[in-house]
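**Student:** with the sequence up front, the predicted model follows.
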Amino acid sequence: MTLQESPVLRVRDLRVTYYTDAGRVTAVNGVSFDLAAGERLGLVGESGCGKSTLALALMRMIKPPGRIESGSAVVRTEHGEMDLLALDEESMRKARLSVISYIPQGAMNALNPVLRVGQQMLDALQAHAPHLSRAEMRARAEAALASVELPKDVFDRYPHELSGGMKQRVCIAIGILLSPRVIIADEPTSALDVVVQRQVMETLQRVQEQLGAALILIGHDMGLMAQVTHRVAVMYAGQFVEVSPVQAMFTQPLHPYTQALIQSLPRLDNRGVFRSLPGVAPSLLRLPSGCVFHPRCAQVMEVCRREPPPAVHTADARFVLCHLYGDDENVAPRATLTTSPQEVRR
């Protein structure tokens, strides 16, 4: 697939802070990235690294004591560019669903249990397209349900009458109602069995391609990322430590954290042997000096303890935040793995 060079989403220096009784917590620390129309970006990392906070910041849904401190998130639309972080509240309310949409984690709790599915879809359309007649709204809602392979009668059902996979597809249908430019899916297959997971991901991928929208897929499943995404961003302690095309990520990971994540995956040629990443992610209240990953890094150097690592952009469009590579643009991984995306998919 050939992706457009001009990004549909351009995020620069995004910082999100939570002010707590224990102190100031920087949950997203200077994140920048571009996303092309039609591209699927996987966002992985341990729990608490800032993945969902990043998604909520792009949706302008950070609540007190959280605060978006700085940054920009520019979306390219048919009518020009808009910075989501600079919009007033009313403009941002209109941008949700129509420009950028969010498919939440856990569809079991995302839908209103006392409203029929169709009413919840109509409410969304009424808020964004009040000029449509009720018949036109219903037709559009039923078309969205059909696009995710749900029967028309789901429109008149309550959420408790649907299975977990059907609820997740309803959330996808609501997310694509107004043909957004960017879709954020926050662990859309959590709490589903593996067969339903595959069905949901195939549905999400198909509707995303039909819309030509960009997709940010948040999750922990590296196998899913290998199967679905074009690029993968690895997040640790609020920062992107590596961003790479999916093939390069699995065959030649650059950052020691990425290498450790991939080495921890079960392998068919080494059954029964599991490798874990030692230590735990640091508290965002008390980050280590220098490189935040150095207490857990197998390749730590003295400079890692003293100085933050440089941001290295390679000649093959990769990014890594690590002292191992310095300023050399023709970097090569210090530890080459034999894992391929095909092996992970199995």
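**Tutor:** Received it, and whenever you're ready, just let me know what you need.
**Student:** as a whole number, average confidence for the helix or strand that contains residue 143?
**Tutor:** Counting by DSSP states H and E, the element that carries residue 143 is helix 134-147. When pLDDT is averaged over helix 134-147, the result is 94.
**Student:** now swap in stretch 284-296 and tell me
**Tutor:** Here the average pLDDT along stretch 284-296 is 93.
**Student:** quick check, distance from it to the centre of its chain.
**Tutor:** A distance of 23 Å separates the centroid of the chain from that of stretch 284-296, by CA atoms, centre = their mean, to the nearest Å.
**Student:** one more: stretch 16-25?
**Tutor:** Between the centre of stretch 16-25 and the centre of its chain there are 23 Å (CA atoms, centre = their mean).
**Student:** how far does that stretch stretch from start to finish?
**Tutor:** 9 Å (CA to CA, to the nearest Å).
**Student:** ok, now stretch 285-298?
**Tutor:** 24 Å.
**Student:** and if you look at stretch 51-66?
**Tutor:** 15 Å.
**Student:** who's in contact with it?
**Tutor:** 11, 14, 16-20, 27-28, 31, 43-45, 68, 73, 84-85, 87, 92, 96, 100, 102, 105, 182, 184, 186, 216, 218, 235 (CB atoms under 8 Å, 6 or more residues apart in numbering). Where C-beta positions appear, they are placed from N, C-alpha and C, glycine not excepted.
**Student:** do stretch 156-166 as well
**Tutor:** 107-108, 111-118, 150, 154, 167, 170, 191-192, 196, 199-200.
**Student:** just checking, residue 110 touches residue 169?
**Tutor:** No - at 12.0 Å, residue 110 does not count as touching residue 169 under the criterion of CB atoms under 8 Å.
**Student:** more crowded one of these two?
**Tutor:** residue 169 (27 against 17; other CB atoms under 10 Å).
**Student:** next structured bit after the helix or strand where that one lies?
**Tutor:** Here residue 169 sits within helix 164-175, counting by DSSP H and E. Next helix or strand after helix 164-175 toward the C-terminus (DSSP H and E): strand 182-186.
**Student:** so for stretch 44-61, what's the average pLDDT?
**Tutor:** 94.
**Student:** so that it lines up with my notes, have the first residue be 152 from now on.
**Tutor:** All set: I'll call the first residue 152, so the last point we hit is now stretch 195-212.
**Student:** who's in contact with residue 271?
**Tutor:** For residue 271, counting by CB under 8 Å, 6+ apart, the contacting residues are 262, 263, 325.
**Student:** run through the residues that contact the last one.
**Tutor:** In other words, residue 325. Here residue 325 is in contact with 248, 252, 271, 272, 275, 295 (CB under 8 Å, 6+ apart).
**Student:** do the same with the first one
**Tutor:** Residue 262 makes contact with 268, 271, 310, 318, 321, 322 under the criterion CB under 8 Å, 6+ apart.
**Student:** ok, the residues you listed vs residue 187, which is closest?
**Tutor:** residue 322 (24.4 Å; CB to CB).
**Student:** now do the closest one against residue 266, distance only.
**Tutor:** 14 Å (CB to CB, to the nearest Å).
**Student:** so which of these two has more stuff around it?
**Tutor:** residue 322 (23 against 14).
**Student:** please tell me how far the more buried one sits from residue 256.
**Tutor:** Distance from residue 322 to residue 256, by CB to CB: 10 Å.
**Student:** quickly list what's touching both of the two.
**Tutor:** Counting by CB under 8 Å, 6+ apart, the shared contacts of residue 322 and residue 256 are residue 339.
**Student:** show me where this structure has its strands.
**Tutor:** 158-171, 174-187, 191-195, 217-228, 231-234, 251-254, 333-337, 365-369, 382-387, 390-396, 462-464, 470-472 (DSSP state E).
**Student:** poorly predicted segments of the stretch 252-401 of the chain, please.
**Tutor:** 258-259 (pLDDT under 70).
**Student:** okay, domains of this protein per the record?
**Tutor:** Annotated domains of the chain cover 158-371, 404-496 [automatic domain parsing].
**Student:** contacts for the longest helix seen in the chain?
**Tutor:** Counting by DSSP state H, the longest helix found in the chain is helix 345-362. If you take CB under 8 Å, 6+ apart as the criterion, helix 345-362 is touched by 189, 191, 254, 298-300, 314-316, 319-320, 323, 327, 330-331, 334, 336, 339-340, 343, 366, 375, 378-379.
**Student:** quick one: pLDDT of residue 173?
**Tutor:** So residue 173 comes in at 89 (pLDDT).
**Student:** distance between the ends of stretch 437-445?
**Tutor:** 14 Å.
**Student:** er, stretch 188-197 I mean
**Tutor:** Span of stretch 188-197 from end to end, CA to CA: 27 Å.
**Student:** what about residue 396, neighbour count?
**Tutor:** Around residue 396 there are 15 residues (other CB under 10 Å).
**Student:** now the one 3 residues further on
**Tutor:** When neighbours are defined as other CB under 10 Å, residue 399 has 19 of them.
**Student:** list the contacts of it.
**Tutor:** 467, 469.
**Student:** can you check residue 160 too?
**Tutor:** 185, 186, 224, 225, 226, 227, 251, 332, 333, 365.
**Student:** what's around the fifth one, how many residues?
**Tutor:** Per other CB under 10 Å, the neighbour tally for residue 226 reads 23.
**Student:** swap in the third one?
**Tutor:** Residue 224 is flanked by 22 other residues according to other CB under 10 Å.
**Student:** roughly how far does it sit from residue 447?
**Tutor:** 30 Å.
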